[in-house]
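Peer 1: fold the following, please.
(2 chains)
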Amino acid sequence: MISEAARARFDKEVAKYPANQKQSAVMACLAIVQQELGHVSVESEQVVAEYLGMPPIAVHEVTTFYNMYNQRKVGKFKLNVCTNLPCQLRDGAKALQYLEDKLGIKMGETTEDGMFTLQQSECLGACADSPVMLVNDRTMCSFMSSERLDRLIAGLRATEIK
Amino acid sequence: MTSVDQVLAQFQASGTESCFHGRHIEPQIYAGLDGSNWRLAEYQARGGYQALRKILGQDGAEGMTQDQVIATVKESALRGRGGAGFPTGLKWSFMPRQFPGQKYLVCNSDEGEPGTCKDRDILQFNPHIVIEGMAIAAYAMGISVGYNYIHGEIFQSYDRFEEALEEARAAGLLGDKILGSSFSFQLHAAHGFGAYICGEETALLESLEGKKGQPRFKPPFPASFGMYGKPTTINNTETFAAVPWIIRNGGQAYLECGKPNNGGTKIYSISGDVELPGNYEIPMGTPFSKLLELAGGVRGGRKLKAVIPGGSSSPVLPAEIMMQCTMDYDSIAKAGSMLGSGALIVMDETRCMVKSLQRLSYFYMHESCGQCTPCREGTGWLSRMVDRVENGQGRTSDMDLLDSVADNIQGRTICALGDAAAMPVRAMIKHFRHEFEHHVEHKTCMVPAYV
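Peer 2: Below is the predicted model of the structure:
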């Protein structure tokens, strides 16, 4: 369920817009939900809809239109590797392939242990840093050579060992 | 145990490669930045917020009127840095200043045009320059509320901008009665979440209203029917960031930094086959050859083959044409392309143009919002046909068919995404038709394969 802390963050987003335009906060609210729960379920959409006073279908339209909302469960770490042309010219596709081989999955899939979901992505807007990737929507990782990808995956795996 | 944040912190860019390389020429927006000096106090130490004080008459002088601010921006010949290159002062003068209801100011930081990464470094390393530029614009047009819509993929820059807003509010530089004057301006940050189309200004407005980002038909233009149907002015991040310098130094001084009709400096993002990809702020009118030299030249000392000069949507130019160009709106337009967002994608002699186009055509298909039939269907056609040519299943008639499909998209859609999908195809076939023909005839590339 959506926490009180998340609701407090919703309030802060809603406050940015005129009182009769709460719907404007829907993008931010859905991003907050995703950060907290990992994905945006239909149930979450209903909570957001009620909170903002909009029809659930209008929320669903937003979730389905924007690429970064996860409409189903993803791994603990969602890795989005840019392969658009500027990155392709600087090993972006190679980085994606390296991760496919390393994790034993194809793009769009999640590892069996639920740790990693790998996705190809469009331009992240960090072309000079290529190869670039986004981890869990909010953190850009730059200059991801094979050696740095090895370190990233090992580092993220190590955070799970209790 | 190391936390996830600690792990990820090791892979963050410091900005050294893209911004603090010391190879700008007379920079204004990126001047004096080092990655650690983005806060309010340091921005003010660099002369920040002096321009805002100046127009509000809070620096001891008598201030500037709205008309004087707009006239100064007109004189500077500042043109929109987002891609269209529309004169900023003229755009500001379209705003119905006397309109009695609410008006809005919007900053377009939805930087997703492949190749472009200049606004990210501005927001990350010099966020207050955008806030100051927006406050000046709001004053000039009599606007009391603004939003900065930031690309969802650069969430760290969004968080940073929020932090900078808090600093500015606390210092009385935003909010009610700024610096004790009668001018009030509320500014907020909003973010996208992965939709290239929201860089189109009316799609951005739809998104700000909490909807799918599908562009609106124009006219009416945002100046009369914008956010929530109210008069709205939208400018790019870099455009706003150029404004404080213009106010401090005058329109004429800014114009003289560049060349006639192309005032000031411009930030170019260079990616692809160069030694030193990054952002370079240089005066308008600087020769392309000089810019290439700043970027360390073509990677590995190889030969330049082609450059996409203004983001992925602009028509590609062969090396021999590009080497004759200077970096400004007029020179690139004369050469048959567009300066666009100022993002140069450089390709060396080992690159296959069919393969390059294949990735771009896939992108436009992926990002078409689905609203207009020619774009929704046509981008799919383009992508599938370039695919088949690349994969050795092309037919000799395909080049003409590609051209025809592109022709049937261009100019027949609500927004410019259709044109953006069509132009790269037409330019690639125009300049590199022999490569496409080679693919069809020999079922393979003219250059060795690469990933």
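Peer 1: could you look up the SS state of residue 101?
Peer 2: As the question left the chain open, I've gone with chain A. Here A:Asp101 is recorded as helix under DSSP: H, G, I helix; E, B strand; the rest coil.
Peer 1: let me rephrase: I mean chain B.
Peer 2: For B:Gly101, the assignment made with three-state DSSP gives coil.
Peer 1: ok, now which ones touch it?
Peer 2: Going by Cβ atoms under 8 Å, 6 or more residues apart in numbering or on different chains, B:Gly101 touches B:Lys230. Placement of C-beta: from N, CA and C, glycine included.
Peer 1: tally of neighbours for B:Pro100?
Peer 2: If you count neighbours by other Cβ atoms under 10 Å in any protein chain shown, B:Pro100 ends up with 6.
Peer 1: so how far is B:Gly142 from it?
Peer 2: Distance of B:Pro100 to B:Gly142, computed by Cβ to Cβ, to the nearest Å: 11 Å.
Peer 1: and A:Met107, how far from B:Leu357?
Peer 2: On the measure of Cβ to Cβ, A:Met107 and B:Leu357 end up 21 Å apart.
Peer 1: the more surrounded of those two?
Peer 2: Neighbour count, other Cβ under 10 Å: between A:Met107 and B:Leu357, B:Leu357 has more, with 26 against 17.
Peer 1: and the pLDDT at the more buried one?
Peer 2: Here, the pLDDT recorded for B:Leu357 equals 97.
Peer 1: which residues does it contact?
Peer 2: Going by Cβ under 8 Å, 6+ apart, B:Leu357 touches B:Val386, B:Pro424, B:Val425, B:Met428.
Peer 1: ok, now with 10 Å
Peer 2: Contacts for B:Leu357 (Cβ atoms under 10 Å, 6 or more residues apart in numbering or on different chains) come out as A:85, B:316, B:382-383, B:386, B:389-390, B:402, B:424-425, B:427-429, B:432, B:435-436.
Peer 1: up against chain A, what does the stretch 251-400 of chain B have?
Peer 2: Contact residues, the stretch 251-400 of chain B versus chain A (Cβ under 10 Å from any Cβ of the partner chain): B:269-274, B:276-280, B:295, B:299, B:308, B:311-312, B:343-348, B:351, B:355-360, B:362-363, B:366-367, B:369-370.
Peer 1: among those residues, which lie within strands?
Peer 2: Secondary structure from DSSP state E places B:269-272, B:278-280, B:308, B:343-348 of those in strands.
Peer 1: any idea how far the nearest residue to B:Ala171 once chain neighbours are set aside lies from B:Thr88?
Peer 2: Counting by Cβ to Cβ, 6 or more residues apart in numbering or on different chains, B:Ala171 lies nearest to B:Leu40, which is 6.0 Å off, once chain neighbours are set aside. B:Leu40 sits 25 Å away from B:Thr88, going by Cβ to Cβ.
Peer 1: between these two, which one's more packed in?
Peer 2: It is B:Thr88, of B:Leu40 and B:Thr88, that has more neighbours when counted by other Cβ under 10 Å, with 27 against 20.
Peer 1: was I right to think the more buried one contacts B:Arg79?
Peer 2: Yes: B:Thr88 is in contact with B:Arg79 according to Cβ atoms under 10 Å; the separation is 6.5 Å.
Peer 1: so where's chain A uncertain?
Peer 2: Within chain A, the segments meeting pLDDT under 70 span A:162.
Peer 1: strands of that one, start to end?
Peer 2: Under the criterion DSSP E, strands of chain A are mapped to A:77-82, A:116-121, A:133-135, A:139-141.
Peer 1: just tell me which of those ends up closest to chain B.
Peer 2: Of all the strands of chain A, it is strand A:139-141 that lies closest to chain B, at 3.7 Å by Cβ to the nearest Cβ.
Peer 1: give the other helices and strands that the closest one contacts.
Peer 2: If contacts are counted by 3 or more Cβ pairs under 10 Å, 6 or more residues apart in numbering or on different chains; DSSP states H and E, strand A:139-141 sits against strand A:77-82, strand A:133-135, helix A:146-158, helix B:4-9, helix B:155-170.
Peer 1: just flag the most distant two among the ones in strands among the residues of the stretch 251-400 of chain B next to chain A.
Peer 2: B:Asn279 and B:Asp348 (20.5 Å; Cβ to Cβ).
Peer 1: more neighbours, these two?
Peer 2: Per other Cβ under 10 Å, whichever of B:Asn279 and B:Asp348 has more neighbours is B:Asn279, with 29 against 20.
Peer 1: residues in contact with the more buried one?
Peer 2: B:Asn279 touches A:127-128, B:15, B:17-19, B:21, B:23-24, B:27, B:29-30, B:116-122, B:267-270, B:342-343, counting by Cβ under 10 Å, 6+ apart.
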